[in-house]
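A.B. asks: I need the structure of the sequence given here:
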Amino acid sequence: MKIIFIRHLPTPGNEKRQYIGSTDESLSAGAVKAFREKEVRYPDVQSVITSPMKRCIETARLIYPETEIRMEPMLRECDFGLFEGKTYEDLKEHPAYIEWLESGGMTAFPGGEAQEDFRRRCADGVRKWIRILMDEKTESAAFVVHGGTIMAALSRLAGEPYDFYHWQAKNGEGYTAEVIEEEWKTGKGVLRNVKILKSC
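C.D. replies: Below you'll find the model as predicted:
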């Protein structure tokens, strides 16, 4: 089975370089206009799974307007807590933010979600849907989700031993991967042949 991970198109907060996690923003008008003008094409898929947040659903409807969208709460973005809606400039002198940066992004966000919990639930959400898709005999599927969700899932599920930040993706970009069903059926849930997504 072929799997595609696509990060949603830009929101107003993304364009301002804010930390946007639990804030349920829609896509920016400029991002939607740019997408339609460029007529970007993504690989065809049989199934589409998204985060339940507006920016992912709206992106999925733009990319795959004829395909049913199914939502998974476990795939939502991390709650940045105190950092939510702020920029680096807003936070650069805040002691909790400095501590978070110095930890390599591993300490819990003040008032938000712990990184370990976030990464675990994203990987669990992808595992859940890969098993559903295999049961449905699906040959190709897209996960239209958040940048953090992609990094969390691939850092835990990709066969390549790269860390969380290796898997960053810009808005509208992402990765392709392959599921070898025999491996998953025997309990080895690994995504193989992970490559940068090329749209046209």
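A.B. asks: can you give me the helices in the protein?
C.D. replies: 12-15, 29-38, 54-63, 88-91, 95-102, 115-135, 147-157, 181-185 (DSSP state H).
A.B. asks: For Ser22, give its distance to Glu58.
C.D. replies: 17 Å (C-beta to C-beta, to the nearest Å). Where you see a C-beta, it was placed from the backbone N, CA and C, and this is true even at glycine.
A.B. asks: swap in Ile130?
C.D. replies: For Ile130, the distance to Glu58 - C-beta to C-beta - is 24 Å.
A.B. asks: circling back: now render the helices of the chain as a markdown table, adding mean neighbour count and mean pLDDT.
C.D. replies: Formatted as a markdown table, these follow (neighbours: other C-beta atoms under 10 Å; pLDDT from 0 to 100):
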| stretch | mean neighbour count | mean pLDDT |
| --- | --- | --- |
| helix 12-15 | 17 | 96 |
| helix 29-38 | 13 | 93 |
| helix 54-63 | 22 | 98 |
| helix 88-91 | 12 | 93 |
| helix 95-102 | 14 | 88 |
| helix 115-135 | 18 | 96 |
| helix 147-157 | 23 | 97 |
| helix 181-185 | 12 | 91 |
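A.B. asks: right, so of these, which gets closest to Asp44?
C.D. replies: Closest to Asp44 of the helices of the chain is helix 54-63 (C-beta to C-beta; 10.4 Å).
A.B. asks: and the angle for the closest one with helix 147-157?
C.D. replies: 90 degrees (axes from the mean of the first three to the mean of the last three C-alpha atoms, to 10 degrees).
A.B. asks: which residue is nearest the middle of this protein?
C.D. replies: His146 (3.1 Å; C-alpha atoms, centre = their mean).
A.B. asks: Quick check: pLDDT value at that one.
C.D. replies: As predicted, His146 sits at a pLDDT of 98.
A.B. asks: Use 18 as the first number from now on
C.D. replies: Okay, using 18 as the starting number, the last item reads as His163.
A.B. asks: okay if I get the helices of the chain as a markdown table plus distance to Asn210?
C.D. replies: Shown next, in a markdown table, are these (distance: least, C-beta to C-beta, whole Å):
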| stretch | distance to Asn210 |
| --- | --- |
| helix 29-32 | 29 |
| helix 46-55 | 27 |
| helix 71-80 | 22 |
| helix 105-108 | 35 |
| helix 112-119 | 33 |
| helix 132-152 | 15 |
| helix 164-174 | 12 |
| helix 198-202 | 12 |
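A.B. asks: Identify whichever of the ones you listed lies nearest to Val65.
C.D. replies: helix 71-80 (5.2 Å).
A.B. asks: quick check: angle from the closest one to helix 46-55?
C.D. replies: Using the same axes, to 10 degrees: helix 71-80 against helix 46-55 is 20 degrees.
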